[in-house]
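Trainee: Next come a sequence and a model predicted from it.
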Amino acid sequence: MTVPNTPAGSTPGPDPYPPVFPPPQPPARAQRPPLGPELRIGAVITGAGVVLGAVLGLLWLWLAPRVGYAVQDNHILYRDPEGEELIGSVGVFSLLGLGFGLLTSLGAFLWTRARSGGIAVAVGLAAGGLLGSVIAWQLGIHLGATSDLRAHARAVGDGGTFDGPLELTAKGALMVWPMTAMIVLLFLSATFGKREPDRPPYWATPGPVQAPGQEPGQQGPSLQKPVSPEPEQQGQQQPGQQEPEPVQLRKPVQEPPAAE
């Protein structure tokens, strides 16, 4: 930048008003983690959910209440018309899904805590929980009593009783496991997960130099003094400039004392 009113042919000096802050630098691109380990972690968590789904199906078959039927005069009737066995089977399945969601999310968090989790952990928990719930549902139905009530009634005869098949009347119970796993994983990651270092506060960043008595926001004086062109030698006189006259010191004249 050229200072105004600079004589022609003279070399411009440094900028008397340099910028206070350095020019902004482009942000560095973050390196993406490799995709292979992420896929392996997601596949392992999903496979664990499928295996635990079989365990959930066996527990549901063992703990869920059965609907009782009785055969009277060639009619199939409920043994307890006001019973809550159908609701009880859904409740048992939901409680088991809640426990398995807690178990799988805690195990996945402890396994991947050193590498601060990742999207593969969340996807693996959601997919594994949903697949495990479906496998448990189908396994409990197929291992339970037959769904052909007439054939079962003919087998026991008139006056006999039998237990009905295991049913899941509320299909929303299939979402208890994956939803519980996701909520618990979010809580554990927010509470005990690895944290990034905090940025310094805004008052710790360097700001412009402020002169004493200067109002905030007013631009302070420059730290660099503008360089003016000087002659090459100290005693050399520039053309067209008059030599200054020497200063003479005179002794003050003492006045005589006044006559009385």
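Mentor: It's in.
Trainee: for the stretch 1-150 of the chain, what spans make up the helices?
Mentor: Remark: helices assigned in the stretch 1-150 of the chain by DSSP state H, counting those that start in this stretch are 35-63, 85-112, 119-143, 149-156.
Trainee: Packing partners of the shortest one?
Mentor: Contacts defined by 3 or more Cβ pairs under 8 Å, 6 or more residues apart in numbering; DSSP states H and E place helix 149-156 against strand 68-72, strand 75-78, strand 161-163. C-beta here means a position set from N, CA and C on the backbone, and glycine is covered the same way.
Trainee: can you list the ones you listed in CSV and add mean neighbour count?
Mentor: Written out in CSV, the entries for these read as follows (neighbours: other Cβ atoms under 10 Å):
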stretch, mean neighbour count
strand 68-72, 16
strand 75-78, 12
strand 161-163, 15
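Trainee: Turn those into CSV, including mean pLDDT.
Mentor: Listed next are the helices and strands packed on helix 149-156 as CSV, based on pLDDT from 0 to 100:
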stretch, mean pLDDT
strand 68-72, 80
strand 75-78, 75
strand 161-163, 76
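Trainee: Check the contact between V71 and T161; I expect there is one.
Mentor: Yes - taking contact to mean Cβ atoms under 8 Å, the distance of 7.5 Å between V71 and T161 places them in contact.
Trainee: contacting residues around L149?
Mentor: Remark: with contacts taken as Cβ atoms under 8 Å, 6 or more residues apart in numbering, L149 is in contact with Y69, I76, G164.
Trainee: Please save the CA atoms from stretch 62-80 in PDB.
Mentor: Listed next in PDB are the C-alpha coordinates belonging to stretch 62-80 (Å, rounded to 0.1, in the frame of the first residue of the first chain):
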ATOM      1  CA  TRP A  62     -41.100 -70.600  29.600                       C
ATOM      2  CA  LEU A  63     -42.400 -67.600  31.500                       C
ATOM      3  CA  ALA A  64     -45.400 -66.400  29.500                       C
ATOM      4  CA  PRO A  65     -48.900 -67.500  30.700                       C
ATOM      5  CA  ARG A  66     -51.000 -69.700  28.500                       C
ATOM      6  CA  VAL A  67     -54.600 -69.200  27.500                       C
ATOM      7  CA  GLY A  68     -56.700 -72.200  28.800                       C
ATOM      8  CA  TYR A  69     -59.500 -73.900  26.800                       C
ATOM      9  CA  ALA A  70     -62.100 -76.400  27.800                       C
ATOM     10  CA  VAL A  71     -64.200 -78.700  25.500                       C
ATOM     11  CA  GLN A  72     -67.900 -79.000  26.500                       C
ATOM     12  CA  ASP A  73     -70.600 -80.500  24.300                       C
ATOM     13  CA  ASN A  74     -68.300 -80.200  21.200                       C
ATOM     14  CA  HIS A  75     -67.700 -76.600  21.900                       C
ATOM     15  CA  ILE A  76     -64.400 -74.900  22.700                       C
ATOM     16  CA  LEU A  77     -64.700 -72.500  25.600                       C
ATOM     17  CA  TYR A  78     -62.400 -70.400  27.700                       C
ATOM     18  CA  ARG A  79     -61.600 -71.800  31.100                       C
ATOM     19  CA  ASP A  80     -61.300 -68.300  32.500                       C
END
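Trainee: Excluding covalently adjacent residues, which one is nearest to Y78?
Mentor: Leaving out its chain neighbours, the residue that sits closest to Y78 by Cβ to Cβ, 6 or more residues apart in numbering is Y69, at 6.5 Å.
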